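Q: Predicted coordinates and the sequence they were generated for:
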Amino acid sequence: MSDIRFAAIRTGQAISRARIPQVPFDEFRQTVVAAAAEGRRVAALFGDASGPPGQVDLYAVLADGVRSLLHVGQTPIEVGEFAALTPDCPQVHLFEREIAEQFGIVPAGHPWLKPVRFHASYRPGCDAWNRSGAGPVVGVLDFYRVAGDQVHEVAVGPVHAGVIEPGHFRFQCHGERVFHLEISLGYQHRGVSRALVGGPKKRTVHLLEETAGDASIGHATAYCQIVEALAGTQVPIRGEVVRGVALELERLANHTVDLGALAGDVGFLPTAAFCGRIRGDFLNLTALICGSRFGRGLVRPGGAAFDIDETRRVQCLERLDAAVHDVESAVSLLWNAASVQARFEGTGAVSIETARALGLVGPAARACGLEHDARQDFPSGIFRFVQVPVSVSLSGDVLARAYIRWLEIQRSAAFIREQLHSLPAGPVRREVAPLGSGQIAIALVEGWRGEICHVALTDAYGCFSNYRIVDPSFHNWAGLALALRDQQISDFPLCNKSFNLSYCGHDL
Amino acid sequence: MIQALLARLRQGHRTLAYPKGVPTLPDRFRGLPIVDSSRCPADCRDCANACPTDAIAIDDRGFRLDLGRCLFCTDCVEACPDGLIRHSQEYRLSVRRREDLVYDGRTLKLAEALDQKTRRIFGRSLKLRQVSAGGSGACEADLNVLGTVVFDMGRFGIQFVASPRHADGIVVTGPVSENMRTALLDTYAAVPAPKLVIAVGAEAISGGIFRGHDEVHDGCGALLPVDLFIPGWPPHPLTILDGLLRLLGRLEEPGQTA
Ligand code: SF4
């Protein structure tokens, strides 16, 4: 990557769009493919149609975790197609499908070019599938079929048995054995990306908080870092601490309920019952700080909208200790129960090679041995000053994904304790200046599901001409599909829970 | 086994005494917004202009706040130059009719119970099928919470079931994305009559923060006959439980907020 012509930028930084080199498509493609082959990840790949009419510019953001650097490049596509990168760089498969769907340009040679969210093209008259008339119908696509004696197909969803979000799963099975799982989403599409264009508006931060409702803090933090980068605003250190504490509380709540749900899926009821309750204790800690269990209204451009005063700080610490003590007793039962271990071990394994090829992020990647954690690789906010050890496991199975969560619970708790014990003085929020015009800003935040990536381009007035959200689920759904290969179909709920991905974060 | 028993002892009994006693909510809890509109300067519109979902209307009919759109955020509170808006600890918010959510900032008329005949059918056993139609996962999470030992809604005979065929009604979350419209209507059709529809959260009631997007239907009200509206973003589990119990006529207290 030494001779790379892409512009280098750090997370939480903004640079002029003029500094992003425009390279010929072949060089663009070659750079992205080579970077991925060298072990870098494609954090974002997206189209932008705010340039000359009829032209779509492709932008790529390459993540170099070793040097904490992001490389951004751009190439104009003037015709209706380009040579797909996916055959040489599988991790961009969904990005290219997204580009095709949004802009009606075809990544030629893409091995599975299907719609992602089933909406009409952003450019009327340009449709990658030459569909006409009433527009796409969700879930209507050519599913893979495996043919042969005794091969059968199982279709699940969009409405599922539990109280969860909708999505469609199509299994090709031979008896109990799953040959292939295809995941088709888009049911949750609410037009988030489109609504963000022209912002910031009075709705913008709320939209981000509702992008993936159980990761409100993560997405709000990424958004605020974008705004602060564009405005050149420095968040006061106490504000950074409050945000960091909130982000880790979000992780605690979600990891805890996930461990409970995993226990529930193998019929181990004590842990399931305890963790369901203890998650509430963590949510209530967030509510103690800001009044909302999901942290709505807490993270705001310039810092935090609520302070942790002295009584609150003491109360927070006390209640955190009690909840962590409870979660310890609940979760240790899991590791001591042979019946649980037998069900977790070896189920839904993903190899490190597959994880790397797909560009998995978050606990799902770390469970396969990939040491990716934005808090370490691309530190922002308080994580520039405090390091949370990265939790890694090797087996890539349900057990590993469960165990990673347990390690992270302990480390997040230790982080919060440390932060609350040494809460710096000063304000929590600072006034935000107007946003710079003609800029690009990127923010990476390690949400509880993994890397949340936001990229904003501003126009001549400092408004968003394009705002991209890459939820960790966008990278990881393919990981779940591959985890199911050669597994029993009855293990699907367990595997699904072990990933616990967001539907709305994917569908936007 | 011994360890499981010890852990069970240590975790103790955690189910709320509710509805006999109401648990303390955090002091910053954002419940029903209370507005002292009698003191509003004549042409001030600061709160209405700040509101992300345009939930506030001020005109010759006075001040009105649509709780069906309200995100219970702090934007209007911060915008008010005279500090006339505050969030109270009032968690009871559910109503039976959409228009009852448009409120004057002082007293909210809470949901009435179902009529006696319907209550005889559902009063002691209510099975619900949840449909997330563009829901963000937060409303769904706080519905799931009702099944935990803390709220234990099973003790009131209320339960979420997997099949609409086994259900007495549906609980809708989300603004109803166009891509979920058919699935929502199909699920509703699969529930045997008589059946209830319960809209949970700002999005299911009005579209919430997505209101006006081409991709959504601004809530389920235009598509289904809603029997109970539970506002919030997302509503606190207690708010949801209060609404359900009120609908079933199992709460013996006043039908309006203080
Ligand atoms: S609290 Fe409700 S009424 Fe007030 S600004 Fe927020 S959404 Fe609007």
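A: It's in. For clarity, every value in this text was computed on a predicted model and none was experimentally measured.

Q: Just the residues contacting the longest helix seen in chain B, thanks.
A: Counting residues, the longest helix found in chain B (DSSP state H) is helix B:178-190. Residues outside helix B:178-190 that contact it (Cβ atoms under 8 Å, 6 or more residues apart in numbering or on different chains): A:117-118, A:138, A:158-159, A:166, A:186-189, A:507, B:129, B:131-134, B:163-165, B:170, B:172, B:174, B:176, B:195, B:197, B:214-217, B:220, B:223-224. For glycine as for every other residue, the C-beta is placed from the backbone atoms N, C-alpha and C.

Q: cool, stretch A:106-117 as well?
A: In contact with stretch A:106-117 (Cβ under 8 Å, 6+ apart) are residues A:80-87, A:93-94, A:96-101, A:128-129, A:136, A:141-142, A:184-186, A:189, A:507-508, B:179.

Q: so how far is the longest helix of chain B from its chain's centroid?
A: With Cα atoms, centre = their mean, to the nearest Å as the basis, helix B:178-190 stands 21 Å off its chain's centre.

Q: Report the backbone C-alpha coordinates of the helix or strand following that helix in CSV.
A: Using DSSP states H and E, the helix or strand that follows helix B:178-190 in sequence is strand B:196-200. Taking only C-alpha atoms (Å, rounded to 0.1, in the frame of the first residue of the first chain), the coordinates of strand B:196-200 have been written out as CSV:
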residue,chain,number,x,y,z
LEU,B,196,-57.4,-6.4,19.0
VAL,B,197,-54.8,-4.1,17.5
ILE,B,198,-52.3,-2.4,19.8
ALA,B,199,-49.9,0.3,18.5
VAL,B,200,-46.8,0.6,20.6
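
Q: which other residues reach strand B:196-200?
A: Applying Cβ under 8 Å, 6+ apart, the contact partners of strand B:196-200 are B:122, B:126, B:128, B:139, B:143, B:168-173, B:188, B:205, B:219-221, B:224-230, B:232, B:234-235, B:240, B:243-244, B:247.

Q: What angle do strand B:196-200 and the longest helix of chain B make with each other?
A: If you take axes from the mean of the first three to the mean of the last three Cα atoms, to 10 degrees, helix B:178-190 sits at 150 degrees to strand B:196-200.

Q: returning to that earlier point: restricted to strands, list the contacts of stretch A:106-117.
A: With DSSP state E as the criterion, strands contain A:81-83, A:184 from among these.

Q: Can you tell me the closest non-neighbouring residue to A:Gly462?
A: A:Leu435 (3.9 Å; Cβ to Cβ, 6 or more residues apart in numbering or on different chains).

Q: ah, wrong one, I meant B:Arg97
A: Leaving aside its sequence neighbours, B:Arg97 sits nearest to B:Phe229 (Cβ to Cβ, 6+ apart; 7.9 Å).

Q: element containing that neighbour, please.
A: Counting by DSSP H and E, B:Phe229 is part of strand B:228-230.

Q: average pLDDT across the helix or strand following that strand?
A: Later in the chain than strand B:228-230, the nearest helix or strand by DSSP H and E is helix B:237-247. For helix B:237-247, the per-residue pLDDT values average out at 93.

Q: Dump helix B:237-247 to CSV, keeping only the CA atoms.
A: In CSV, the C-alpha atoms belonging to helix B:237-247 read as follows (Å, rounded to 0.1, in the frame of the first residue of the first chain):
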residue,chain,number,x,y,z
PRO,B,237,-42.2,-1.3,30.0
LEU,B,238,-44.4,0.1,32.8
THR,B,239,-46.2,2.3,30.3
ILE,B,240,-47.0,-0.7,28.1
LEU,B,241,-48.1,-2.8,31.0
ASP,B,242,-50.3,0.0,32.3
GLY,B,243,-51.9,0.3,28.9
LEU,B,244,-52.6,-3.4,28.6
LEU,B,245,-54.0,-3.7,32.1
ARG,B,246,-56.1,-0.6,31.6
LEU,B,247,-57.6,-2.0,28.4
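
Q: Show me the shaky parts of the chain.
A: In the absence of a named chain, chain A is used. Low-confidence segments of chain A, defined by pLDDT under 70: A:1-3.

Q: not what I meant, chain B
A: B:254, B:258.

Q: Nearest residue to the middle of it?
A: The centre of chain B sits closest to B:Ile230, judged by Cα atoms, centre = their mean, with a distance of 2.1 Å.

Q: That residue against B:Pro237, yeah?
A: No. Counting by Cβ atoms under 8 Å, B:Ile230 sits too far from B:Pro237 to count as a contact (10.6 Å).

Q: Now do stretch B:29-49: distance from first to last residue.
A: 24 Å (Cα to Cα, to the nearest Å).

Q: Tell me how many other residues crowd the residue in the stretch 1-150 of chain A that chain B sits nearest to.
A: Using Cβ to the nearest Cβ, the single residue of the stretch 1-150 of chain A nearest to chain B is A:Val138, 4.0 Å away. A:Val138 has 25 neighbours, counted by other Cβ atoms under 10 Å in any protein chain shown.

Q: What residues does it make contact with?
A: Contacts of A:Val138 (Cβ under 8 Å, 6+ apart): A:118, A:158, A:186-187, B:179.

Q: Who wins on neighbours among those residues?
A: Of all those, the highest neighbour tally under other Cβ under 10 Å goes to A:Tyr187, namely 31 neighbours.

Q: doesn't B:Gly174 make contact with that residue?
A: No. Using Cβ under 8 Å, A:Tyr187 makes no contact with B:Gly174, being 9.8 Å away.

Q: so what sits against both of the two?
A: Joint contacts of A:Tyr187 and B:Gly174 (Cβ under 8 Å, 6+ apart) are B:134, B:180.

Q: ok so, going back, closest to A:Leu269 among the contacts of A:Val138?
A: Using Cβ to Cβ, A:Pro158 is the member of the contacts of A:Val138 that lies nearest A:Leu269, at 28.7 Å.

Q: is it true that that closest one touches A:Pro166?
A: Yes. Between A:Pro158 and A:Pro166 there is a contact under Cβ under 8 Å: 3.7 Å.

Q: Now do the shared contacts for the two.
A: Common contact partners of A:Pro158 and A:Pro166 (Cβ under 8 Å, 6+ apart): A:187, B:180, B:183.

Q: Could you check how far the first one is from A:Gly479?
A: In this structure, A:Tyr187 lies at 20 Å from A:Gly479, with Cβ to Cβ, to the nearest Å as the measure.

Q: likewise the last one?
A: If you measure B:Ala183 against A:Gly479 using Cβ to Cβ, the figure is 25 Å.

Q: If you count surrounding residues, which of the two has more?
A: A:Gly479 (27 against 21).

Q: if I've got this straight, the more buried one is in a strand?
A: No. Looking at A:Gly479 with DSSP: H, G, I helix; E, B strand; the rest coil, it is helix, so not inside a strand.

Q: That one is in contact with A:Asn500, isn't it?
A: No. Using Cβ under 8 Å, A:Gly479 is not in contact with A:Asn500, being 11.9 Å away.

Q: Run a quick check on B:Leu101 versus B:Arg64, I expect a contact.
A: No. If you go by Cβ under 8 Å, B:Leu101 and B:Arg64 don't touch, sitting 10.1 Å apart.

Q: Between those two, which is the more surrounded one?
A: Neighbour count, other Cβ under 10 Å: between B:Leu101 and B:Arg64, B:Leu101 has more, with 22 against 17.

Q: show me what contacts that one?
A: B:Leu101 is in contact with B:66-68, B:95, B:205, B:229, B:231, counting by Cβ under 8 Å, 6+ apart.

Q: switch the cut-off to 10 Å
A: B:55, B:65-70, B:93-95, B:108-109, B:205-206, B:229, B:231 (Cβ atoms under 10 Å, 6 or more residues apart in numbering or on different chains).

Q: Type out the ChimeraX command that picks the buried ones from those residues.
A: Here is the ChimeraX selection string for the buried members of those, based on 16 or more other Cβ atoms under 10 Å in any protein chain shown:
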select /B:55,65,66,67,68,69,70,93,94,95,108,205,206,229,231
